[in-house]
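Chemist: Just the structure for this:
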Amino acid sequence: MNAETILNAAISVLKQKGRHLGDYECDGKVCVLGAMGVAAGLTPDYWSEVEDADLDDLEPVDDVLLDAGRLLVHVIAPHRADYDHLHPAAVIDLVGRWHDGPTERAADQVRFLDPPSDTAVFEALAEAVRLAEQAGASA
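Modeler: Take a look at the predicted model:
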């Protein structure tokens with residue numbers, strides 16, 4: 001399993017289960033982070049288990065899930081030069097705010113005022129897959 005696999009599978013999970021805003025899962029529907037958790041063979045709310053983890057203590061599946069999340073951050077917040085070093089809590093925060101909207105935070109200049117459409121979510125995941133493919137080809 002790698003980030004590309006998780007991101008690709010997350011698209012299918014969202015299409016199958018439906019999209020939910022606000023929590024990892026509700027009534028069988030999932031948010032984008034929840035879909036990524038399911039795609040990794042974990043629970044939709046697995047992110048909450050790694051949110052405060054020390055990066056040195058992550059399991060291999062956690063590292064791969066986090067890599068997938070970081071690639072999605074690279075797509076949705078391309079101005080962040082540090083996306084490949086983000087802690088799980090920062091990935092959860094950025095992806096969650098983008099996915100769920102509305103929020104405005106002047107400190108880091110990230111402004112997601114409306115939740116993206118389903119199409120925009122699928123396009124962002126597909127772009128993250130493309131980045132994962134490129135990273136794999138250059139590794």
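Chemist: buried ones in stretch 64-79?
Modeler: 64-77 (16 or more other C-beta atoms under 10 Å). Where C-beta positions appear, they are placed from N, C-alpha and C, glycine not excepted.
Chemist: among the residues you listed, which are in helices?
Modeler: 64-76 (DSSP state H).
Chemist: Distance to residue 3 added to these, as CSV?
Modeler: Converted to CSV, those look like this (distance: C-beta to C-beta, whole Å):
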residue, distance to residue 3
64, 6
65, 8
66, 9
67, 4
68, 4
69, 9
70, 8
71, 6
72, 9
73, 12
74, 11
75, 12
76, 15
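Chemist: and the residues you listed, which two are the farthest apart?
Modeler: Within these, 64 and 76 form the most distant pair, 19.2 Å apart (C-beta to C-beta).
Chemist: which residue is nearest the middle of the chain?
Modeler: For the chain, the residue nearest the mean C-alpha position is residue 69 (3.7 Å; C-alpha atoms, centre = their mean).
Chemist: Now do the same contact list for it.
Modeler: Applying C-beta atoms under 8 Å, 6 or more residues apart in numbering, we find residue 69 in contact with 33, 36, 47, 86, 88, 91-92, 95.
Chemist: Please narrow those residues to those residing in strands.
Modeler: In strands, judged by DSSP state E, none of those are found.
Chemist: Which residue comes closest to residue 99 once chain neighbours are left out?
Modeler: Among residues not flanking residue 99 along the chain, residue 32 sits closest, at 4.8 Å (C-beta to C-beta, 6 or more residues apart in numbering).
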